[in-house]
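[1] sequence-free structure coming up:
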């Protein structure tokens, strides 16, 4: 099958020299003891984590995996695709980590997003002879990731690749499909990621940043890679990345709902309701940047003229994601991620209380958005976007922690809150 990453590997390839490749040393760390409590037959963790708190309790079955923050979700990239991050430097020594559970945890993360376009970023620095998994584990990992996980991955970025990872990929090259091979990208310096995703939204481990700085310092001045571009001051008519209060002040009519939301939702309401997979596809990044520039320059944007449903959908998600503070605000973060503790009989009233505590422009915007998404869901037999699917797409764009990236244990409750809000919107917004 052309979309498969690898064919069945069978036995480990005869490459004993691979285990002896020299890797960077592992800094001394005091790793907590392994508190594994899950059976090896456990394969579906998405639901078990969905009801978890933002910080899993010590007795949670996946606490010993989640605590290391090896896997994180960091919003959307510049193409409107969800970003999953894997940090090799946060893997403890292999004898202190249940690699099977790590694999299940990764699958549980991807299960939230594999029906949409998504991107994987793998920070390789910190993988050493002490914590790297075995080749047999890599083979087992491949077998676990069937076409469901491979078809919508649009890119895999390997940051700071070493001779080990390059050798490994060379060995596997005959087994990797041409189609997937084109999705593999080496990234030598963090600044190169800016073309894909804003590095400020990634919680990059300090060790990785320090290593990147050392790589830069070792280069001759003429060979220095470009630094990440400095944040430019906001334009007079800036729309993206601007607080809602300022957008309201600038609006000639004092509109509570920002123009980008009104334009995109108006267009999608007319022409996007029956598009299968609406909000799950990415858009041309050049067009996305062009539309953003037009808005930020004070120009009028007509999506009807462009006739691109997915472009409008990505612009809406991008606008929400680039708000300086999430639409649901940092103040409500703890209440929302712990919302599952509210009894079902009290949830509607609790939601009303929470949302009505928002600033006026935030309340108006969330109401405008949720009312629209409920209409999208009413066409779910055609567009396949149920309340649950919409919650997975929009939850992380409505609320995130102050450090931007979130573990799966925090995303589950946020998505559940969003789904419940969609289910009960007719009662919440009365």
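    Here it is on my side, so go on. Quantities reported herein were computed from a predicted structural model and do not represent experimental measurements. Residues are numbered from 1 along each chain as shown.
[2] low pLDDT regions in the stretch 301-430 of the chain?
    Along the stretch 301-430 of the chain, segments meeting pLDDT under 70 span 403-409.
[3] Next: the stretch 51-200 of the chain.
    If you take pLDDT under 70 as the line, the stretch 51-200 of the chain has these spans: 51-60, 142, 172-178.
[4] same thing but 90
    51-69, 71-82, 94-118, 127-129, 131-155, 162-185, 191-200 (pLDDT under 90).
[5] quick one: the helices in it?
    Assigned by DSSP state H, counting those that start in this stretch, the helices in the stretch 51-200 of the chain fall at 63-66, 99-111, 135-144, 147-150, 163-172, 178-181.
[6] Buried deepest among these, which one?
    Sort the helices of the stretch 51-200 of the chain by mean neighbour count, taking mean count of other CB atoms under 10 Å, and helix 63-66 sits at the top with a mean of 24. Every residue, glycine included, has its C-beta placed from N, CA and C.
[7] Checking residue 267 next. Helix, strand or coil?
    helix (DSSP: H, G, I helix; E, B strand; the rest coil).
[8] What distance do you get for it to residue 86?
    Note on residue 267: its distance to residue 86, by CB to CB, to the nearest Å, is 36 Å.
[9] do the same with residue 385
    From residue 385 across to residue 86, the span is 28 Å (CB to CB).
[10] These two: which is more packed in?
    residue 385 (24 against 20; other CB atoms under 10 Å).
[11] Not counting its neighbours along the chain, what's nearest that one?
    The shortest distance from residue 385 to any non-neighbouring residue, by CB to CB, 6 or more residues apart in numbering, is to residue 376 (5.5 Å).
[12] what's the neighbour count on the one you found?
    Counted with other CB under 10 Å, residues neighbouring residue 376 total 25.
[13] So which bits of the helix or strand harbouring it are buried?
    If you go by DSSP states H and E, residue 376 is part of helix 360-377. The neighbour-count check on helix 360-377 (16 or more other CB atoms under 10 Å) flags 361-370, 372-374, 376-377 as buried.
[14] need the contact list for residue 156.
    Residues in contact with residue 156 (CB atoms under 8 Å, 6 or more residues apart in numbering) are 119-120, 122, 183-185.
[15] rewinding a little: surely the residue nearest to residue 385 meets residue 386?
    No: the pair residue 376 / residue 386 is not scored as a contact, 9.6 Å apart, by CB atoms under 8 Å.
[16] returning to that earlier point: are any of the contacts of residue 156 buried, and which?
    Counted by 16+ other CB under 10 Å, the contacts of residue 156 give 119-120, 122, 183, 185 as buried.
[17] And stretch 399-416, end to end?
    Taking CA to CA, to the nearest Å, stretch 399-416 runs 12 Å from one end to the other.
[18] go on, stretch 392-410?
    By CA to CA, the extent of stretch 392-410 from end to end equals 12 Å.
[19] do the same with stretch 340-353
    With CA to CA as the measure, the first residue of stretch 340-353 is 16 Å from its last.
[20] likewise stretch 151-169?
    20 Å.
[21] just stretch 289-308 next, same as before
    By CA to CA, the extent of stretch 289-308 from end to end equals 14 Å.
[22] I would like the residues contacting it, please.
    Contacts for stretch 289-308 (CB under 8 Å, 6+ apart): 78, 235-240, 259-260, 263-264, 267, 271, 283, 287, 311-312, 315, 318.
[23] Determine how far that stretch lies from the middle of the whole chain.
    25 Å (CA atoms, centre = their mean, to the nearest Å).
[24] Enumerate the positions of that stretch that are buried.
    Buried residues in stretch 289-308 (16+ other CB under 10 Å): 291-292, 295-296, 301, 303, 308.
[25] Make a markdown table out of those and add secondary structure and distance to residue 74.
    Converted to a markdown table, those look like this (DSSP: H, G, I helix; E, B strand; the rest coil; distance: CB to CB, whole Å):
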| residue | secondary structure | distance to residue 74 |
| --- | --- | --- |
| 291 | helix | 23 |
| 292 | helix | 20 |
| 295 | helix | 24 |
| 296 | helix | 23 |
| 301 | coil | 27 |
| 303 | helix | 27 |
| 308 | coil | 26 |
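[26] What is the most widely separated pair among those?
    296 and 308 (19.1 Å; CB to CB).
[27] How about the contacts made by the residue nearest to residue 385?
    268, 272-273, 278-279, 383, 385, 390.
[28] quick one: which of these is nearest to residue 421?
    Closest approach to residue 421 among these (CB to CB): residue 390, at 10.3 Å.
[29] excluding its backbone neighbours, what's nearest that closest one?
    With sequence-adjacent residues excluded and distances taken as CB to CB, 6+ apart, residue 390 is closest to residue 373, at 5.1 Å.
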